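J.: Next input, structure requested:
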Amino acid sequence: MLQRFDVDDVATGLCAYLDASPSPFHAVRAAAELLAGHGFTEVSETDPTPMEPGRYLTVRGGSLVAWSSEFADGPATPFRVVGAHTDSPNLRVKPQPDGTSAGWQTLGVEVYGGPLLNSWLDRDLGLSGRVALRDGDGIREQLVRVDDPVLRVSQLAVHLDRTVNTEGLRLNAQQHLAPHWGLGTEPGDFRGYLAELVGARSADVLAWDVMTHDLTPARRIGRDADLVASARLDNQATCYAGIRALVDAVEHHDGPAVVPVLVLFDHEEVGSTSERGAQSGYLPATLERIVLAAGGGREDYHRALAGSVVASGDMAHATHPNYADRHEPTHRIRMNGGPVLKVNAQLRYATDSRGAAAFTQACQRAGVPVQTFVSRTDLPCGSTVGPVTSALTGATTVDFGAPTLSMHSTRELAGVADQAMYAAALAAFLSPPSARG
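T.: Got it, this is the predicted structure:
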């Protein structure tokens with residue numbers, strides 16, 4: 001199966017997807033366009049779920065669910081679900097952002113998630129997201145994207161912060177992270193700026209979900225060009241691998257009856273509690289609607305879930321060469337060493353032996369190696385969409401990822417070869433073997 005995922009082709013596609021996805025809304029739109037090119041039809045959630053077997057997707061803000069019912073054998077056919085998230089830590093524009101300081105026009109922002117704050121300093125920053133506009137008596141939404149370097153958060157010069165290199169950088173999120181975007185003693189007009197971007201009157205700009213993004217494009221780096229550096233690898237690398245895997249699984253299906261599903265959630269970085277996060281009813285409701293459209297009922301839905309397996313994907317910490325002591329010594333993770341099983345006894349990851357076996361089997365079928373990550377016992381462990389998805393569905397769930405360094409920086413690092421292995425493993429997961437296989 002790995003031979004169907006050319007290393008250079010997957011890396012090139014990933015870089016293009018990352019560059020097209022500065023916000024969760026853009027990430028979902030880019031995903032929908034890629035899937036549409038392979039026969040997936042977008043369905044509004046307010047419309048009936050199609051009863052005809054086929055390839056479909058729905059979009060809810062910065063989240064997406066895509067599935068194929070082509071290989072189902074009745075309404076109780078189990079699901080194979082790959083999950084990821086579209087959001088990344090960043091700086092988000094406040095509702096009343098315009099300010100001034102010392103002759104500079106500043107923009108009020110709020111920290112989203114848990115970024116490495118220092119990585120946002122001295123960067124050329126753009127803006128992206130969506131705007132809610134008055135449309136007669138209704139409301140319409142429009143995506144916005146500014147790839148001009150309109151914002152900057154400048155660091156204090158070392159001459160004025162003499163202990164920064166010995167005692168470390170200390171940032172107050174309210175005081176030190178407001179980007180400047182012009183000169184003047186009067187505040188700027190962010191609402192008017194957005195109105196001009198979208199071709200609307202300022203009074204018709206009702207609200208926005210707008211965030212900053214680093215303008216440096218994704219690119220291959222390293223002596224042998226075997227690494228990829230980019231913003232938002234956590235977790236859009238998994239989103240892209242999931243897209244490639246779903247397409248491969250439906251176009252090369254050769255296993256038992258199954259409904260392969262890809263779900264891309266928003267808001268993972270802030271706890272997943274929203275109408276479109278992993279703690280919402282978005283995925284369970286979609287799965288139930290698939291069962292109902294196939295002529296089933298609640299009993300069939302619960303039977304389908306009982307036979308389902310969920311693979312929750314999020315990037316994994318590669319062992320850092322300068323901080324190897326921060327990693328579990330018997331669980332070293334190598335860049336370009338293959339997908340990573342993520343295990344935690346406190347269930348910060350949902351992996352148990354059944355889920356681990358299913359994912360390991362998928363890696364073996366794909367012909368790729370598998371690594372295992374656990375945190376040091378004396379360090380806290382992060383989490384993913386896996387535990388909450390497992391709790392909401394009752395399905396066997398496994399957490400996994402691809403190796404990365406500098407997680408939550410504006411510029412993260414991953415392995416080129418890992419991306420093809422990642423997609424191949426997920427394709428194998430979405431196409432499980434028969435009972436005998």
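
J.: What's the mean pLDDT across the longest helix along the chain?
T.: The longest helix of the chain (DSSP state H) is helix 233-251. Across helix 233-251, the average pLDDT comes to 97.

J.: Helix or strand next in line after that helix, which one?
T.: strand 259-265 (DSSP states H and E).

J.: List the buried residues of the helix or strand following that next one.
T.: Under the assignment DSSP H and E, the closest C-terminal helix or strand after strand 259-265 is helix 282-293. For helix 282-293, a neighbour-count test (16 or more other CB atoms under 10 Å) marks 282-283, 286-293 as buried. Placement of C-beta: from N, CA and C, glycine included.

J.: got the contact list for helix 282-293?
T.: Helix 282-293 is touched from outside by 48-51, 58, 60, 63, 65, 67, 69, 75-76, 79, 81, 83, 259, 261, 263, 265, 275-276, 297-298, 300-301, 304-305, 389, 392-393, with contacts defined as CB atoms under 8 Å, 6 or more residues apart in numbering.

J.: now the residues you listed: which count as buried?
T.: By neighbour count, with 16+ other CB under 10 Å, the contacts of helix 282-293 hold 49, 58, 60, 63, 65, 67, 69, 75-76, 79, 81, 83, 259, 261, 263, 265, 276, 300-301, 304-305, 389, 392-393 as buried.

J.: Let's see which of those residues end up in strands.
T.: 58, 60, 63, 65, 67, 79, 81, 83, 259, 261, 263, 265 (DSSP state E).

J.: Please tell me I have it right and the first one contacts Asp47.
T.: Going back to what we said before, that points to Thr58. No - here Thr58 does not reach Asp47: they are 9.3 Å apart, not a contact under CB atoms under 8 Å.

J.: secondary structure element for Arg170?
T.: Per DSSP H and E: nothing holds Arg170, as it lies in no helix or strand.

J.: Need the pLDDT of it.
T.: With respect to pLDDT, Arg170 has a value of 95.

J.: next one: the one 4 residues further on
T.: pLDDT for Gln174: 96.

J.: burial of it, as a residue count?
T.: Counted with other CB atoms under 10 Å, residues neighbouring Gln174 total 11.

J.: Please identify the helix or strand for it.
T.: If you go by DSSP H and E, Gln174 is part of helix 173-176.

J.: which residues are in contact with that helix?
T.: Helix 173-176 has contacts (CB under 8 Å, 6+ apart) with 111, 117, 153.

J.: quick one: the nearest residue to Ala66 once chain neighbours are set aside and Phe373, what's the gap?
T.: Distances taken as CB to CB, 6 or more residues apart in numbering put Leu57 closest to Ala66, at 3.8 Å, once the chain neighbours are dropped. Distance, Leu57 to Phe373, using CB to CB, to the nearest Å: 31 Å.

J.: between these two, which one's more packed in?
T.: In this view Leu57 and Phe373 are compared by other CB under 10 Å, and Phe373 has more residues nearby, 25 against 22.

J.: quick one, what contacts the more buried one?
T.: Residues counted as contacts of Phe373 (CB under 8 Å, 6+ apart) are 316-317, 328, 331, 333, 340-343, 401.

J.: ok, now Gly184?
T.: Shown in contact with Gly184 (CB under 8 Å, 6+ apart): 100, 103-105.

J.: try 6 Å this time
T.: Gln105 (CB atoms under 6 Å, 6 or more residues apart in numbering).

J.: Then Leu177?
T.: Leu177 is in contact with Val153, counting by CB under 6 Å, 6+ apart.

J.: just for this protein, where's the confidence low?
T.: By pLDDT under 70, the weakly predicted segments of the chain are 1-2, 435-437.

J.: Repeat the analysis, applying 80 as the threshold.
T.: 1-3, 434-437 (pLDDT under 80).

J.: Do a quick rundown of the helices in it.
T.: So, for the chain - with DSSP H - the helices run 7-19, 24-36, 164-167, 173-176, 190-198, 233-251, 282-293, 298-306, 353-366, 386-393, 416-430.

J.: what's the burial count for the closest residue to Val59 other than its chain neighbours?
T.: In space, not counting the residues next to it along the chain, Val59 is nearest to Val28; the distance is 5.6 Å by CB to CB, 6+ apart. Per other CB under 10 Å, the neighbour tally for Val28 reads 24.

J.: close enough to count as contact, Val28 and Ala66?
T.: No - counting by CB atoms under 6 Å, Val28 does not reach Ala66; the two are 10.4 Å apart.

J.: Contacts for the longest strand along the chain next, please.
T.: As assigned by DSSP E, the longest strand anywhere in the chain is strand 138-151. Strand 138-151 is touched from outside by 25, 124-128, 130-133, 179, 181, 197-198, 215, with contacts defined as CB under 6 Å, 6+ apart.

J.: Among the residues you listed, name the buried ones.
T.: Among the contacts of strand 138-151, the ones that count as buried by 16+ other CB under 10 Å are 25, 125-128, 130-131, 133, 179, 181, 197-198, 215.

J.: Save these as JSON lines, and put in distance to Met407 too.
T.: Conversion of the buried ones among the contacts of strand 138-151 to JSON lines gives the following (distance: CB to CB, whole Å):
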{"residue": "Phe25", "distance to Met407": "22"}
{"residue": "Leu125", "distance to Met407": "20"}
{"residue": "Gly126", "distance to Met407": "22"}
{"residue": "Leu127", "distance to Met407": "24"}
{"residue": "Ser128", "distance to Met407": "21"}
{"residue": "Arg130", "distance to Met407": "26"}
{"residue": "Val131", "distance to Met407": "30"}
{"residue": "Leu133", "distance to Met407": "35"}
{"residue": "Pro179", "distance to Met407": "23"}
{"residue": "Trp181", "distance to Met407": "28"}
{"residue": "Leu197", "distance to Met407": "31"}
{"residue": "Val198", "distance to Met407": "33"}
{"residue": "Leu215", "distance to Met407": "20"}
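
J.: which two in the residues you listed are spaced the farthest apart?
T.: Farthest-apart pair in the buried ones among the contacts of strand 138-151 is Leu133 and Leu215; separation 25.5 Å (CB to CB).
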